[in-house]
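[1] Show me the folded form of this:
(4 chains)
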Number of protein chains: 2
Amino acid sequence: MYVNIDAYAYICNYPLPLPWGPFLMQKTDINAWIELHRSSQKLISIVETELKNADLPPLAWYDILLEIKKAGKDGIRPFELQNRVLITQYNLSRMTDRLVRAGYAKRIPCLEDKRGHSLITTRKGINLLDRMWPIYETVIDQHFSSKLAEADKARLSGILKRI
Amino acid sequence: MYVNIDAYAYICNYPLPLPWGPFLMQKTDINAWIELHRSSQKLISIVETELKNADLPPLAWYDILLEIKKAGKDGIRPFELQNRVLITQYNLSRMTDRLVRAGYAKRIPCLEDKRGHSLITTRKGINLLDRMWPIYETVIDQHFSSKLAEADKARLSGILKRI
DNA sequence: CATATATACATGCATTTGCATTTAAATATA
DNA sequence: TATATTTAAATGCAAATGCATGTATATATG
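    Numbers count the residues shown, from 1 in each chain, chains lettered A, B, ... in the order given. Predicted coordinates for the structure are as follows:
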C-alpha cells in the first residue's frame, strides 16, 4: 500500500544492471515510480484528513455514492459498480451496506435477476455528495491544480493513461 | 483511499465555473487528478497481488524493512522512520512489532533516550528484502517502466515533485 | 529544584479489511 | 428436464486499522 520515499536506495546499493533480474532498472524509472505513489498517497491523505475534520465520511463513500448517483433512477448493480471502482467484491458489499444503513443509498429489487439488486441514491445521499465536494475540490485545487502548470496537467494524464 | 475513475462526471453535471466554490476546476485538472490516483492504485494493487502469489508479506513490510536496513548497524528510531514513510505512529508501532515478532527486525535499547529504542534488520530481514525485490521489480518493469518512454518518466517525476 | 508540558512509543476498543466460504439464482450441459 | 457450473452477493472469522488514551521519559518553565 505504501511506497517508501527512498525505496530506490535499496537498488542503489547494488551494481547496475541488477544481478538478479533481466531488467535494467534506471534511476529515472525508480524516481518516477516513487513520485507517482508518494504524490498520490500524500494527496489522498490530505483529502481524508480534511473530510474527517469536516465530520464527513471517507472519500470512498463519495466515489461510490457518485457512481450510484450517475446511474440515475434505474440504479446500478453492485457487480457493475465494482468494475468502476477499485474495490473487492466483499468490501463493496459491506460498504454499500453501510451507505444503505446510513440512509445515503437504497437497494431496489432487480426484476431481471433475483440474485441481485440495484442501488440508487437517496436525497440524503445527494446532499452528502454536495457537502463533500467542496472539501474535496478545495484540496484538489490547493494541493494539486494550483501547483502545476496547465500544460503539465495535460501531460500528466496523457502519460499516465498508458498505465 | 480510492478515487473513482469517473469522479469528474459529478462535476460535469454542474455548470462551470462551479457555483459553490472560488475555484475554476477544469477538465484538465480532474483528468490529471484521476489518472494520478487510478494509475498509482492500479500499480500498487498489482504489486500486492504478485507478492501475495509469491507467499511474501505486503509491500509495506518491504518499505519499512528497507528503511531500517538503510539506517545501517546503528539502526533507526521509530519516530525517524515515521518521517520517511506515510504511516501513522500507532500503525508503525504495530507494524514494526510484527516485523520483530516475525524475526525480520530487532529492537535495540537506546542509550541516549530511554523512552525509545532503535530498529535494526536481521539477516532474515535482509534475506526477505532480497526475495521481495525481484517480484517488486518485475511489476515495476512490466507494468510501468516498459509502458512509458524514458523522457516521459523524467517528465513525470519532474512534474510530481512539485506536489 | 519542582512542576508542567512535550515527546516516544504502546495499547484497548471499535471499525474495517482480507480471505475463505456460503447462499441463492442464473446459465450451461448432458 | 435433471444436473453441473457459473455468477451475484453476503458473511464468519482472523488480521489490520483508526482513534483515543496510557505510560514513561525528556525538556521547559517558574
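[2] If you compare the directions of the top helix by length along chain A and helix B:27-53, what angle comes out?
    Longest helix in chain A, counting residues (DSSP state H): helix A:27-53. Orientation check (axes from the mean of the first three to the mean of the last three C-alpha atoms, to 10 degrees): helix A:27-53 against helix B:27-53 gives 110 degrees.
[3] Run the contact check for helix A:27-53 versus DNA strand C.
    No - using C-beta under 7 Å from any atom of the strand, helix A:27-53 stays clear of DNA strand C, coming no nearer than 11.0 Å. In this view, the C-beta of every residue, glycine as well, is placed from N, C-alpha and C.
[4] That helix: how far from the chain's middle?
    Helix A:27-53 sits 12 Å away from the centroid of its parent chain (C-alpha atoms, centre = their mean, to the nearest Å).
[5] what is the mean pLDDT for whatever helix or strand comes next after it?
    Heading C-terminal from helix A:27-53, the first helix or strand you meet, by DSSP states H and E, is helix A:59-70. Per-residue pLDDT over helix A:59-70 has a mean of 93.
[6] Whether helix A:59-70 contacts DNA strand D - can you check?
    No - Helix A:59-70 stays clear of DNA strand D (C-beta under 7 Å from any atom of the strand), getting no nearer than 11.5 Å.
[7] Mind giving me the packing neighbours of that helix?
    helix A:27-53, helix A:78-84, helix A:89-101, strand A:117-121, helix A:123-143, helix B:8-12 (3 or more C-beta pairs under 8 Å, 6 or more residues apart in numbering or on different chains; DSSP states H and E).
[8] Spell out whether it and DNA strand C are in contact.
    Yes - using C-beta under 7 Å from any atom of the strand, we find that helix A:59-70 touches DNA strand C at A:Ala60.
[9] re the thing from before, could I get the helices and strands packed on helix A:59-70 as CSV with mean pLDDT, mean neighbour count and distance to A:Ile64?
    Conversion of the helices and strands packed on helix A:59-70 to CSV gives the following (pLDDT from 0 to 100; neighbours: other C-beta atoms under 10 Å in any protein chain shown; distance: least, C-beta to C-beta, whole Å):
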stretch, mean pLDDT, mean neighbour count, distance to A:Ile64
helix A:27-53, 91, 19, 14
helix A:78-84, 93, 16, 7
helix A:89-101, 97, 15, 6
strand A:117-121, 97, 21, 9
helix A:123-143, 92, 17, 10
helix B:8-12, 43, 17, 12
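[10] To B:Ala105, which of those lies closest?
    Set against B:Ala105 and scored by C-beta to C-beta, the helices and strands packed on helix A:59-70 come closest in helix A:27-53, at 22.2 Å.
[11] Compute the inter-axis angle for that closest one and helix A:59-70.
    With the same axes, to 10 degrees applied, the angle from helix A:27-53 to helix A:59-70 works out at 80 degrees.
[12] From DNA strand D, how far out is the closest residue to A:Lys73 other than its chain neighbours?
    Closest residue to A:Lys73 apart from its sequence neighbours, by C-beta to C-beta, 6 or more residues apart in numbering or on different chains: A:Ile120 at 6.5 Å. Here A:Ile120 is placed at a distance of 13 Å from DNA strand D (C-beta to the nearest atom of the strand, to the nearest Å).
[13] got it, and A:Val139?
    From A:Val139 across to DNA strand D, the span is 16 Å (C-beta to the nearest atom of the strand).
[14] Who are the contact partners of that residue?
    A:Leu43, A:Ile46, A:Val47, A:Glu50 (C-beta atoms under 8 Å, 6 or more residues apart in numbering or on different chains).
[15] Looking at those residues, spot the one nearest B:Lys147.
    Distances from B:Lys147 to the contacts of A:Val139, taken by C-beta to C-beta, are shortest for A:Leu43, at 22.2 Å.
[16] quick one: contacts for that closest one?
    Counting by C-beta under 8 Å, 6+ apart, the residues that A:Leu43 touches are A:Val139, A:His143, A:Phe144, B:Trp33, B:Leu36, B:His37, B:Ile163.
[17] Could you confirm whether the helix or strand A:Ser157 falls within reaches chain B?
    Assigned by DSSP H and E, A:Ser157 belongs to helix A:150-160. Yes - residues of helix A:150-160 contacting chain B under C-beta under 8 Å from any C-beta of the partner chain: A:Glu150, A:Asp152, A:Lys153, A:Ala154, A:Arg155, A:Leu156, A:Ser157, A:Ile159, A:Leu160.
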